[in-house]
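1. need a structure here:
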Amino acid sequence: MQETNSQPEMTAAEQEKAFSEQAKVRRDKLAALKEAGQDPYTVTRYDVANHCGEIRENFDAMEGQHVTVAGRMMQKRVMGKASFCNVQDETGRMQVYVKRDDVGVDEYQGFKKWDIGDIIGVKGIVFRTQKGEMSIHAEEITLLSKSLLPLPEKFHGLKDQETRYRQRYVDLIVNPEVKDTFVKRSRIMQELRSFLDGRGYLEVETPILTPFEIGASARPFLTHHNTLDMDMVLRIETELYLKRLIVGGFERVYEVGRIFRNEGMDPKHNPEFTTIELYQAYTDFHGMMDLVEDMMKTVAERVCGTLQVPYQGNTIDLSHWERLTMVEAVKKYSGVDYYSWQSDEDAIACAKAHGVELPEVPTKGAILAEFFDAFVEDKLIQPTFIYDYPVEISPLAKRKPDEPAFTERFEYFINATEFGNAFSELNDPIDQRERFERQVAERKALDPESRAQVDYDFVTALEYGMPPTGGLGFGVDRLVMLLTDSASIRDVLLFPTMKPTDK
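-> Residues are numbered from 1 along each chain as shown. Here you go, the predicted model:
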């Protein structure tokens, strides 16, 4: 059912003018309603007994029954003494047949003046039209709220990405498939929690506001606490508080945490995002590797019904995971053997010969990581664990006992994107203090204005003794992108960060 025939697409100026004219007409209609004592905004309650999706799915059983639905009027076709409209609720749409003799002359005349986008309530009988369309034969119709702005041009919808992200409420109205993405996101969260809860993990909450900037490389957002008269930062991770809980005697904890990083924005990054970090006493990074593989398979199977997940033109096979050390991966994809470097100078010369960018502190381990970024990451389409990371880029991971230049750390990659990070957690307080102090010193050397500090309270916690522990952190948003086949992180955030339109 369509309200009118499609017209040639208008220019931007013509669209803006038409929008303004329609908005004025709607406000005039509202003024007339108020003058007649029919202000729709005074309606405080409407008892909804049914939903459109429920009626469509159970039509045979519900045909002939009285129902009550409410939602947004999306289409309308007026034909003299009888009309049709579509009402849309959170479960979908349903056609409504409105006849003057059934709803009343005055009510019908009022209905004819209602606009697309108005919120309405309908009481009536479920039936099928002569053309076979499942419908509701209205016995009573009520205007519940007036839409003062017209919806986007109905034949082209809301397609401009910037507008879709800025006005997600309109995007959800006119692009029903968008709602499906966020329903799926909720299911993914439910399954992640179910998986971890079922394995004995306790969900906890830790502070979002922290007293100082830690020495990690991520740049935080700064704020100020007025009562305490102290600067604070929004957290860039949940790790250090969660490991304090392991020290305190909890053996398995996790947090679904909102994280804030004052850094760049692109299809994979938003300044605020959601992670899950979890820690388990008496296991190591191999235990975390097994948990990741089991978790990813379980969630994908329950949410998508398959382990062969389509993503941006590729089919991701979550049933098979490759495992490579960083040294093995760099040698496989670049031909460069880390063990041929006898010194930092050898590594620097090799990087220059291969056109690899040097890190700020050009040590062998840091340069190995640059080779990985340059030659390996974009090759990792299918699920792959990369483990044994250089100690220079892993300040919180335990060193490998037989090779102290490396740590017991892994990241896992899918579609050339890092999805998560895990360690055998460092529990040596002396080593941890030294790494923190070195990390902060390096930050301040590069940025004398840096306010990074060592978290000595965390070092104190370690001095009380933390058991051998495996830890994992992963981005929820990237997982949702994968399982919903979404190209950008903005597609899976209801309200992504946007630059103000007046800037």
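2. surely F458 and L240 touch.
-> Yes: F458 is in contact with L240 according to C-beta atoms under 8 Å; the separation is 4.8 Å. C-beta: built from backbone N, CA, C; applies to glycine.
3. quick one, longest strand in the chain?
-> strand 66-79 (DSSP state E).
4. who are the packing partners of that strand?
-> The contact analysis (3 or more C-beta pairs under 8 Å, 6 or more residues apart in numbering; DSSP states H and E) places strand 66-79 against helix 52-57, strand 82-89, strand 119-128, strand 134-145.
5. reformat those as TSV; add distance to T363, mean neighbour count and mean pLDDT.
-> Formatted as TSV, those follow (distance: least, C-beta to C-beta, whole Å; neighbours: other C-beta atoms under 10 Å; pLDDT from 0 to 100):
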stretch	distance to T363	mean neighbour count	mean pLDDT
helix 52-57	59	18	97
strand 82-89	59	20	97
strand 119-128	63	20	98
strand 134-145	63	19	97
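6. so can I have JSON lines of those showing distance to V178?
-> Putting these into JSON lines (distance: least, C-beta to C-beta, whole Å) gives the following:
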{"stretch": "helix 52-57", "distance to V178": "17"}
{"stretch": "strand 82-89", "distance to V178": "13"}
{"stretch": "strand 119-128", "distance to V178": "19"}
{"stretch": "strand 134-145", "distance to V178": "22"}
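7. check the offset of stretch 350-368 from the chain's centre.
-> 34 Å (C-alpha atoms, centre = their mean, to the nearest Å).
8. which parts of it are buried?
-> Residues of stretch 350-368 classed as buried: C350, A351, V356, P359, P362, T363, K364, G365, A366, I367, L368 (neighbour count, 16 or more other C-beta atoms under 10 Å).
9. let me know whether the last one touches D388 as I believe.
-> No: under the criterion of C-beta under 8 Å, L368 makes no contact with D388, lying 10.2 Å away.
10. overlap of the contact sets of those two?
-> Taking C-beta atoms under 8 Å, 6 or more residues apart in numbering as the contact rule, L368 and D388 both touch M326, V327.
11. ok so, going back, so which of the helices and strands packed on strand 66-79 is nearest D402?
-> helix 52-57 (59.3 Å; C-beta to C-beta).
12. that closest one - contacts with which helices or strands?
-> strand 66-79, strand 82-89, strand 92-99, strand 134-145.
13. out of those strands, nearest to D39?
-> So among these, strand 134-145 is nearest, using C-beta to C-beta, at 9.8 Å.
14. ok, then the element right after that closest one?
-> helix 161-166 (DSSP states H and E).
15. which strands and helices sit next to that next one?
-> helix 168-174.
16. outside of the helix it packs on, which residues touch it?
-> Taking C-beta under 8 Å, 6+ apart as the rule, helix 168-174 contacts 72, 88, 117, 151-152, 154, 157-158, 163-165, 178-179, 494-495.
17. and for this structure, the residue most distant from the center?
-> D101 (49.4 Å; C-alpha atoms, centre = their mean).
18. make sure I have this right: that residue is in a helix.
-> Yes: counting by DSSP: H, G, I helix; E, B strand; the rest coil, D101 falls inside a helix.
19. nearest spatial neighbour of it, chain-adjacent residues omitted?
-> Excluding its sequence neighbours, the residue lying closest to D101 (C-beta to C-beta, 6 or more residues apart in numbering) is K81, at 7.0 Å.
20. same deal with F260?
-> Per C-beta to C-beta, 6+ apart, closest to F260 is L234, 3.9 Å.
21. same check, this time on R244
-> A461 (4.9 Å).
22. so how far is D197 from the one you found?
-> According to C-beta to C-beta, to the nearest Å, A461 and D197 sit 26 Å apart.
23. so between those two, which is more surrounded?
-> The neighbour comparison of A461 against D197 (other C-beta atoms under 10 Å) goes to A461, with 21 against 12.
24. can you give me the distance of that one to T42?
-> Taking C-beta to C-beta, one finds A461 at 58 Å from T42.
25. again, but for V96
-> From V96 to T42 the distance is 23 Å (C-beta to C-beta).
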